[in-house]
Structure formats: C-alpha cells, structure tokens
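> structural data only, the sequence is not supplied:
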C-alpha cells in the first residue's frame, strides 16, 4: 500500500506501507482499546462510590446483589444437603447406641464403665495461628466420611451382637448347672464296684444323694424326648439340648414334665427318689454326646467357671 502526501510548500511525498506496518498498526489499535477499557473500568466500577456516578453505582450494586444471591443460594443448598445427612447420621447413631447397649448386656460390661449415650472425653493443645478453617467442600467430605464410618461401625456391631447372642444361646443349651442342690456326689463317673454284684463295673454318670422329694432341675434348656419308667433307671427323663447333647435324670420319685415339653434352664422337672435299680434315694445324672455317655463333671465345672467370671464382672 502507498500513501501520497501533498503540501503546498513541499513536493509530493510517497509513503509505502508494507504488511508488517499494517499489522503493527492493528496491534497498536487493539492494545489502545484494551488499555482504554481497563482505565474506564478502573475509574468507574472500581471507584464508583468515590465518583458517585448514579448509573454505574446502580450497575455495581445490581451485580453485587446478584453475586450475593448466588452465594446465598449455594450455601442454602449445601446446608439443606448437610442437614439431611446429619439427620441420617443421628438416626444411625441412635441405632448404634441401641446396638451397643444390647452388646454391652450380652458381654456383661457394666453400664458405668462404657456408656454409649455419653460423649467420650477429648482434648489436646490449642490450635496454632497457621491452622485454616474448614471450607464448605472440606466439611462436606468430612461429613460424608463420618457417615460412612458410622454405617460400617453399625454393621460391625450387628455382627458382634449376632455372635454374642449365638454364643449365649449355645451356652444356655449346655448342661452346665448342677441338677440337684447338694454339696457332694455319692458316686462319680468311671469304674467302680457295683453295689449289687460286687464286681468292677463302669458307672456312666454321677449319683447325687439327697432325701426323697428333693427338687431336680434341668441342667440346661431343651426339649423332653423321654419321660417313662425304665426297669433299671426307674422313673427316667431324657432332655435333648441340641447339637447331639442329651441329659438323663434317673431314679426319680415324681416327674413333672412329659414328652414334647420345652423346659428352661433351672426349671424343676422331677423329685429325687429310689425307683428302679437303686439302693437308696439319689439322682443318677448322665450327659450323652451323640449317644455316648460323657463325664458330667466336665460340663458342670465349665458352668462353675462361667459363674465365677460373671460374679467378677458384676463387681
């Protein structure tokens, strides 16, 4: 491009503009517009209150209000979501408290030693000046992590409760309490001299000597599978406790249960007598596992140990 300059005092001059000249002029023009816009923004919007320009002041106020409205809306939406999450956590904590109290009772822990409804003690040094407050997103993440942790704890407590309940039920179905309230037994489990033949014979149970009419209780909970007269055992009761465990009560004078009855642990089922092959009033007590007689002392000793542990926990 060529530009011709004419002046009455001077001769004509020709200026040749190349492409890079035009590019430089365009760049200069664009930079000038940007600088002018920045100066206009700085002098008006940034200092609108100083210059007190009504139109600009109204535009700035409207923009500020719109920005404040967006922030308030964002905060309200997040608060509503966090309130819902907090409500879910409160419900889970109530469920966890109830589970904890049940597990506490099953485990035999004293309420004053571990109270689920009281917050645990917390403390530590004061925060430093460099500590930063939690942002909304950080608080939301911490809330979500806590909710997930509470849910996992509740699942774990459910498993613990189920395990403890199963253990407690099994322990109640084991013949671990003495069927007669006497301090000694007349004859133990194992080889002995038979009182009728005088020969060495294997005794398949324990004999508890007591007066006729002394109460006999069930050594564990179960179902009565036999309540009849036997020519050797006399009036006899068999109770099935599950897991192939059966207890036998022989030589009774009176029977208070019948076949099919469900008996509780410690329930009175008969009275001591001397029926059948007997030399005097006593209870012949047997424990059978899969149909084979076992030493009842093993079960009764385990029950005595459990009673001692329960007494220590109660203290």
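Cool, the structure landed. Please read these numbers as outputs of a predicted model, since none were measured by experiment.
> how about residue 175, nearest residue that isn't a chain neighbour?
Nearest residue to residue 175, sequence neighbours excluded (C-beta to C-beta, 6 or more residues apart in numbering): residue 219, at 3.5 Å. (Glycine included, C-beta is placed from N, CA and C.)
> isn't that neighbour right up against residue 173?
No - assessed by C-beta atoms under 8 Å, residue 219 is found out of contact with residue 173, at 10.2 Å.
> between the two, which is the more surrounded one?
Using other C-beta atoms under 10 Å as the criterion, residue 219 and residue 173 rank with residue 219 on top: 27 against 17.
> for that one, give me phi and psi.
Taking degrees, to the nearest 10, you get phi -70, psi -20 for the backbone angles of residue 219.
> equivalent analysis for residue 288, please.
With angles defined as degrees, to the nearest 10, residue 288 sits at phi -110, psi 130.
> could you do the one 4 residues further on as well?
Geometry field for residue 292 lists phi and psi as phi -110, psi 130, criterion degrees, to the nearest 10.
> how about it: which residues does it bridge to?
The partner list for residue 292 in beta bridges (DSSP bridges) reads residue 289.
> list the buried ones in whichever helix or strand residue 150 is part of?
Under the criterion of DSSP states H and E, residue 150 resides in helix 136-172. By neighbour count, with 16 or more other C-beta atoms under 10 Å as the criterion, the buried positions of helix 136-172 are 150, 157, 160, 161, 164, 172.
> and it, what other elements does it pack with?
Contacts defined by 3 or more C-beta pairs under 8 Å, 6 or more residues apart in numbering; DSSP states H and E place helix 136-172 against helix 54-107.
> averaged pLDDT, the helix it packs on. What do you get?
Here helix 54-107 scores 68 as its mean pLDDT.
> same check on stretch 172-183?
Here the average pLDDT along stretch 172-183 is 87.
> make residue 1 into 500 and carry on from there
Will do, 500 is the new start, and the previous item becomes stretch 671-682.
> picking up where we left off before, CSV for the buried residues of helix 635-671, including distance to residue 531?
Conversion of these to CSV gives the following (distance: C-beta to C-beta, whole Å):
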residue, distance to residue 531
649, 63
656, 73
659, 77
660, 79
663, 83
671, 95
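> sorry, back to before: check contacts around the residue nearest to residue 674.
674, 675, 676, 677, 678, 738, 746, 764, 784, 786, 798, 799 (C-beta atoms under 8 Å, 6 or more residues apart in numbering).
> ok, now with 10 Å
Contact analysis of residue 718 by C-beta atoms under 10 Å, 6 or more residues apart in numbering lists 673-679, 738, 740, 744, 746, 748, 764-765, 768, 784, 786, 795, 798-799, 802.
> any quick ChimeraX command for the buried ones out of these?
ChimeraX command restricting these to the buried ones, with burial defined by 16+ other C-beta under 10 Å:
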select :673,674,675,676,677,678,679,738,740,744,746,748,764,768,784,786,795,798,799,802
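> strands of the stretch 700-814 of the chain, residue ranges please.
For the stretch 700-814 of the chain, the strands defined by DSSP state E, counting those that start in this stretch occupy 705-708, 714-716, 721-729, 733-739, 744-754, 761-762, 767-771, 781-788, 791-793.
> make JSON lines out of those strands and add mean pLDDT and distance to residue 688.
JSON lines is the format used below for the strands of the stretch 700-814 of the chain (pLDDT from 0 to 100; distance: least, C-beta to C-beta, whole Å):
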{"stretch": "strand 705-708", "mean pLDDT": "94", "distance to residue 688": "6"}
{"stretch": "strand 714-716", "mean pLDDT": "97", "distance to residue 688": "18"}
{"stretch": "strand 721-729", "mean pLDDT": "96", "distance to residue 688": "19"}
{"stretch": "strand 733-739", "mean pLDDT": "97", "distance to residue 688": "18"}
{"stretch": "strand 744-754", "mean pLDDT": "96", "distance to residue 688": "13"}
{"stretch": "strand 761-762", "mean pLDDT": "96", "distance to residue 688": "23"}
{"stretch": "strand 767-771", "mean pLDDT": "97", "distance to residue 688": "19"}
{"stretch": "strand 781-788", "mean pLDDT": "95", "distance to residue 688": "9"}
{"stretch": "strand 791-793", "mean pLDDT": "93", "distance to residue 688": "8"}
